Structures are given as structure tokens and as C-alpha cells.
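# With the sequence up front, the predicted model follows.
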Amino acid sequence: MAKFYFISSEKEDRKQLVPNKITVDFLLNYSKALSVIDYKKMKFEALLN
């Protein structure tokens with residue numbers, strides 16, 4: 001039989017993750033440049049750089 005291993009969230013001390021400024025800037029710029037075009041039942045993604 002397979003054993004299931006998990007960590008309970010009550011027992012685990014969760015650390016607050018702090019993103020790097022470079023990472024946040026990259027994600028914001030990427031989302032600004034991304035364009036999704038719906039055509040009939042298809043979706044096209046275009047990166048406008």
C-alpha cells in the first residue's frame with residue numbers, strides 16, 4: 001500500500017515570502033506586453049515586445 005506523507009499547516013511555521021524587486025518588475029512588464037486574442041473557439045497569445 002502507498003503511504004501518504006503530508007505536513008499539517010498547523011504544525012508548520014510558515015515563512016512570509018518576500019519577492020525580489022527584479023522579479024516583480026519582470027512579471028509586471030511581461031503581463032503588460034502579453035496580448036491574448038480570441039478568434040472563434042481559439043485563443044492566441046502574442047508577446048508584444
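Great, that's in hand. Fair warning: this is a prediction, and the values are worked out from it, not measured in the lab. Numbers count the residues shown, from 1 in each chain.

# now stretch 33-49: mean pLDDT?
Stretch 33-49 carries an average pLDDT of 88.

# How about Ala33, nearest residue that isn't a chain neighbour?
With Cβ to Cβ, 6 or more residues apart in numbering as the criterion, Ala33 has its nearest non-adjacent residue at 4.9 Å, and that residue is Leu48. All C-beta spots, glycine's among them, are computed from the backbone N, C-alpha and C.

# Can you tell me the element Asn29 falls in?
Using DSSP states H and E, Asn29 maps to helix 21-33.

# what about that helix, distance to the chain center?
12 Å (Cα atoms, centre = their mean, to the nearest Å).

# Equivalent analysis for stretch 17-34, please.
Chain-centre distance of stretch 17-34: 10 Å, with Cα atoms, centre = their mean.

# now do stretch 42-49
Relative to the centre of its chain, stretch 42-49 is centred 18 Å away, using Cα atoms, centre = their mean.
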